[in-house]
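Q: Sharing a model prediction with you, sequence too.
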Number of protein chains: 2
Amino acid sequence: MKLQVTQENLNKALSVVARVASGRSTLPILSNILFRIEKNSLLVSATNLDIAITHFVGAKIEEEGNITIPARLTQDFIASLPSGTIEINGQDNHLSIKSGKFSSTINGISAEEFPVMPGIVKGKDWKINCKEFKEGLHQIVLAASSDEARPVLTGVYLHTVNGVLFAVATDSYRLAEVKLTNTSQEIELLIPASAVQELLRVLGDEGEVLVSHDDQQALFKTKDIELVTRLIDGQYPDYRKLIPRSFKTKAVLPKAELASITKVSSLFARESAGSITLNIDSKEKLITIHSIASQLGENTASATAEVTGDGSVTLNSRYLLEALGVLQGDEVSFSFNDKLDPIVRKESENSGYTHVIMPLKS
Amino acid sequence: MKLQVTQENLNKALSVVARVASGRSTLPILSNILFRIEKNSLLVSATNLDIAITHFVGAKIEEEGNITIPARLTQDFIASLPSGTIEINGQDNHLSIKSGKFSSTINGISAEEFPVMPGIVKGKDWKINCKEFKEGLHQIVLAASSDEARPVLTGVYLHTVNGVLFAVATDSYRLAEVKLTNTSQEIELLIPASAVQELLRVLGDEGEVLVSHDDQQALFKTKDIELVTRLIDGQYPDYRKLIPRSFKTKAVLPKAELASITKVSSLFARESAGSITLNIDSKEKLITIHSIASQLGENTASATAEVTGDGSVTLNSRYLLEALGVLQGDEVSFSFNDKLDPIVRKESENSGYTHVIMPLKS
């Protein structure tokens, strides 16, 4: 292979792709990235067998070919070069890279050995706005489980209900659901949360992403990038019945204030695994959090709120803080039904976003 | 005790002091900070028995007293409070803290148990500009050893030579010396590098620092802060004879260019513990670095320089990069005498800063 690329373009592609290549794999080729020429473009790919990412790089191609080279060294090396044109020359599994007064030879492995993800057979295709897709996934992926004992809960579930595409994640302690878009197709797929995290990292904010999927894998494709992931096999729980639709007690207040009193209270909840008790008082129009650390001391913090009903509920302060962290808008609505009912807060009645936190016994 | 302080002032003092209190100590009082009233100020102190830091906080004092409270909780709690006035009330080893709708009680330990560093007896006093002191120490402290087997090398040595105060550090692989100031006093003290790191963290850029020291400890005092450290006992090596005063080979070039070719070369030196060979060529007016990774590949990188003499030398790329990282100015002079002589580079002939890196066998 023989080509010229700019340092800027190649560096950008490597920064997107190289992270997927693992230095810890027992299969040496998985710590390499693939350089491949296709239709006058340089394609840079990496895979960990669960997901594969390819970045297209505009290049001046003089000779076709392909090779795999160590991901970490190549990324660090290209990142250290000055901006401008880089000349790349591949022969016999050695890649020579030249830029001004820098000249390197990197030893590679034959591209024949690089594992290719199987193609998508008889799949479905649909498109979604990149920015909306990213924002929605970002608001829910935190609720996915990391416990491999129940694989379905380690995924993000995308499915349609009455012409609306929803994304949801739950680790059984909390649940987040977001409305993504309206669609006329029937869509159902369960994407590993780790692949969703990579997708959030590599997707830009511009344009649309084309999603193609069959039962085994999904492909997410934009102008520059392709990400292929295996899908999780299994029946997602019927989570919608867990979301209460009416509430006895509710407080509406600025998000920053609820976050502030929750954060302060959580400091005194370290001895009790983050457990805090929220009390809503309709007479005083106050939401008050009390936490006690038997060794260190105790804390009470309040904020003024628009209140309906009275009551109190105990939950994990970390879950509440993380939920507030991904919530959009300036106002939050915090609602519940008695002590042992799930708790929900939405940013506004029709925001399309719901976050349920299971209560702790108080 | 009873007082009022602003959240801003108390938060600043805690962020300076609390880090010194260790949560891992077997002595519980060492994970606490001391609140003490003295002459209408609140003094906030922490110690790890090696060093002690005190920060003065302007406050409205209503009642004298003192108490110690957990450092981490107190720091996190005060940092989470909104800005404005905080009311502090101490009684029976409990400290109550109130700010708007936040109200806490923190359980403390009697201030009687807090260890006090011994005072300085028959010491010397001298002053130095804060900014110059910090800049100088920052340029040399990286060369101190972390190996407790030779305690003197874990220190930063301050001493006077012919009316000039120098600071120096060496781990026997590299040595850095900086001229601090002119003085008429005879000064000699050996400060633990860890205390110098804390000093760099807590000293501001304004005004002067007053240094008082005897054989056992040193006190560094500014308007707001006092830092006391024990000193290291021992004879510092006669390092000055290790600094060559004339050179056979020398290259002068932009610092950024030497850093760039060193960084790129170091990527290919990972298999050889960072070993790189620098070659200076007076005919081509080039400094060239060559590095080989038997597995991964090899690299050559050059930069144009103003050159005197020819030769090559092998050294650890990490030491060269770290030295370039603390060097001031845009130009660097890199000099040596044959393969096995020490290497020196100064930013300019009279900069007052010298950094020697011992060569590796090539």
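A: Great, that's in hand.

Q: Give me the nearest residue to the spatially most central residue of chain A, chain neighbours excluded.
A: The centroid of chain A falls nearest to A:Gln197 when counting by C-alpha atoms, centre = their mean (2.9 Å). In space, and not counting its chain neighbours, A:Gln197 is closest to A:Val141: 6.4 Å by C-beta to C-beta, 6 or more residues apart in numbering or on different chains. (Each C-beta comes from the backbone N, C-alpha and C, glycine too.)

Q: And for A:Gln235?
A: Per C-beta to C-beta, 6+ apart, closest to A:Gln235 is A:Val152, 6.9 Å.

Q: In a helix, that neighbour, correct?
A: Yes. Membership of A:Val152 in a helix is supported by DSSP: H, G, I helix; E, B strand; the rest coil.

Q: check contacts around it.
A: A:190, A:232, A:234-237 (C-beta atoms under 8 Å, 6 or more residues apart in numbering or on different chains).

Q: And those, which two are furthest apart?
A: Largest separation among those by C-beta to C-beta: A:Ile232 and A:Pro237, giving 13.0 Å.

Q: Please say which of those two ends up with more neighbours.
A: Just comparing A:Ile232 and A:Pro237: by other C-beta atoms under 10 Å in any protein chain shown the higher neighbour count belongs to A:Ile232, 19 against 16.

Q: Could you list every helix and strand in contact with the helix or strand containing A:Thr181?
A: Using DSSP states H and E, A:Thr181 sits within strand A:174-182. In terms of contacts (3 or more C-beta pairs under 8 Å, 6 or more residues apart in numbering or on different chains; DSSP states H and E), strand A:174-182 is packed against strand A:124-129, helix A:130-140, strand A:164-170, helix A:317-326, strand A:353-357.

Q: what angle do the following helix or strand past the fourth one and helix A:317-326 make?
A: The first helix or strand that comes after helix A:317-326 along the chain, using DSSP H and E, is strand A:331-336. Per axes from the mean of the first three to the mean of the last three C-alpha atoms, to 10 degrees, the angle that strand A:331-336 makes with helix A:317-326 is 150 degrees.

Q: In terms of secondary structure, what does strand A:331-336 contact?
A: Strand A:331-336 packs on strand A:249-254, helix A:255-267, strand A:343-346, going by 3+ C-beta pairs under 8 Å, 6+ apart.

Q: let's go with 6 Å and repeat that
A: strand A:249-254, strand A:343-346 (3 or more C-beta pairs under 6 Å, 6 or more residues apart in numbering or on different chains; DSSP states H and E).

Q: How far off centre is the last one?
A: Average the C-alpha atoms of strand A:343-346, do the same for its chain, and the two points are 21 Å apart (C-alpha atoms, centre = their mean, to the nearest Å).

Q: what does stretch A:287-294 give?
A: Stretch A:287-294 has its C-alpha centroid displaced from the chain centroid by 32 Å (C-alpha atoms, centre = their mean).

Q: neighbours around A:Arg270, how many?
A: 16.

Q: For it, what are phi and psi?
A: phi -60, psi -30 (degrees, to the nearest 10).

Q: Look up the closest residue to it, ignoring the ones flanking it.
A: Closest residue to A:Arg270 apart from its sequence neighbours, by C-beta to C-beta, 6+ apart: A:Ala293 at 6.5 Å.

Q: how close does the residue nearest to the centre of chain A get to chain B?
A: The gap separating A:Gln197 from chain B is 28 Å, by C-beta to the nearest C-beta, to the nearest Å.

Q: Now name the helix or strand holding that residue.
A: With DSSP H and E as criterion, A:Gln197 is part of helix A:193-202.

Q: What mean pLDDT does the next helix or strand after that helix get?
A: Toward the C-terminus, helix A:193-202 is succeeded by strand A:208-213 as the next helix or strand (DSSP H and E). Taken as a whole, strand A:208-213 has an average pLDDT of 96.

Q: Just the residues contacting strand A:208-213, thanks.
A: Residues outside strand A:208-213 that contact it (C-beta atoms under 6 Å, 6 or more residues apart in numbering or on different chains) are A:120, A:123-130, A:133, A:189, A:219-222.

Q: Give me the distance from stretch A:157-170 to the chain's centre.
A: Using C-alpha atoms, centre = their mean, the offset of stretch A:157-170 from its chain centre is 16 Å.

Q: number of nearby residues for A:Val211?
A: A:Val211 has 20 neighbours, counted by other C-beta under 10 Å.

Q: Quickly check: the strand or helix carrying A:Glu8 near chain B or not.
A: Using DSSP H and E, A:Glu8 maps to helix A:7-17. No. Applying C-beta under 6 Å from any C-beta of the partner chain, one finds helix A:7-17 separated from chain B by no less than 12.0 Å.

Q: Quickly check: the next helix or strand after that helix near chain B or not.
A: Next in sequence after helix A:7-17, counting helices and strands by DSSP H and E, comes strand A:32-38. No. Judged by C-beta under 6 Å from any C-beta, strand A:32-38 stays clear of chain B, getting no closer than 10.8 Å.

Q: hang on, the earlier thing: tell me the confidence at the residue nearest to A:Gln235?
A: With respect to pLDDT, A:Val152 has a value of 97.

Q: what about it, distance to chain B?
A: To chain B, A:Val152 is 37 Å away according to C-beta to the nearest C-beta.

Q: In this structure A:Gln123 contacts A:Gln217, no?
A: For residue A:123 the amino acid is Gly, not Gln. No. Using C-beta atoms under 6 Å, A:Gly123 makes no contact with A:Gln217, being 8.5 Å away.

Q: With neighbour numbers in mind, choose between these two.
A: The residue with more neighbours, out of A:Gly123 and A:Gln217, is A:Gln217; 22 against 16, by other C-beta under 10 Å.

Q: Spit out the contact partners of that one.
A: Per C-beta under 6 Å, 6+ apart, neighbours of A:Gln217: A:228, A:230-231.

Q: Closest one of these to chain B?
A: A:Val228 (27.9 Å; C-beta to the nearest C-beta).

Q: burial measure for that closest one, as a count.
A: Residues near A:Val228, counting by other C-beta under 10 Å, number 24.

Q: do A:Thr54 as well
A: 23.

Q: That one pairs with what?
A: Counting by DSSP bridges, A:Thr54 forms beta bridges with A:Ser45, A:Glu226.

Q: Now do the phi/psi pair for the closest residue to A:Ile61 other than its chain neighbours.
A: Counting by C-beta to C-beta, 6+ apart, the nearest residue to A:Ile61 once its immediate chain neighbours are dropped is A:Leu3, at 4.9 Å. Dihedral pair for A:Leu3: phi -160, psi 170, per degrees, to the nearest 10.

Q: now do A:Asp171
A: With angles defined as degrees, to the nearest 10, A:Asp171 sits at phi -110, psi 10.

Q: who's in contact with it?
A: Counting by C-beta under 6 Å, 6+ apart, A:Asp171 makes contact with A:145, A:153.

Q: got a pLDDT number for it?
A: Confidence score, pLDDT, at A:Asp171: 96.

Q: Now do it against B:Val20, distance only.
A: Distance of A:Asp171 to B:Val20, computed by C-beta to C-beta, to the nearest Å: 38 Å.

Q: name the helices or strands packed onto the helix holding A:Gln197?
A: Where contact means 3+ C-beta pairs under 6 Å, 6+ apart, helix A:193-202 is packed against helix A:130-140, strand A:225-230.

Q: Quick one: those as CSV, columns for distance to A:Leu253 too.
A: Below are these laid out as CSV (distance: least, C-beta to C-beta, whole Å):
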stretch, distance to A:Leu253
helix A:130-140, 20
strand A:225-230, 39
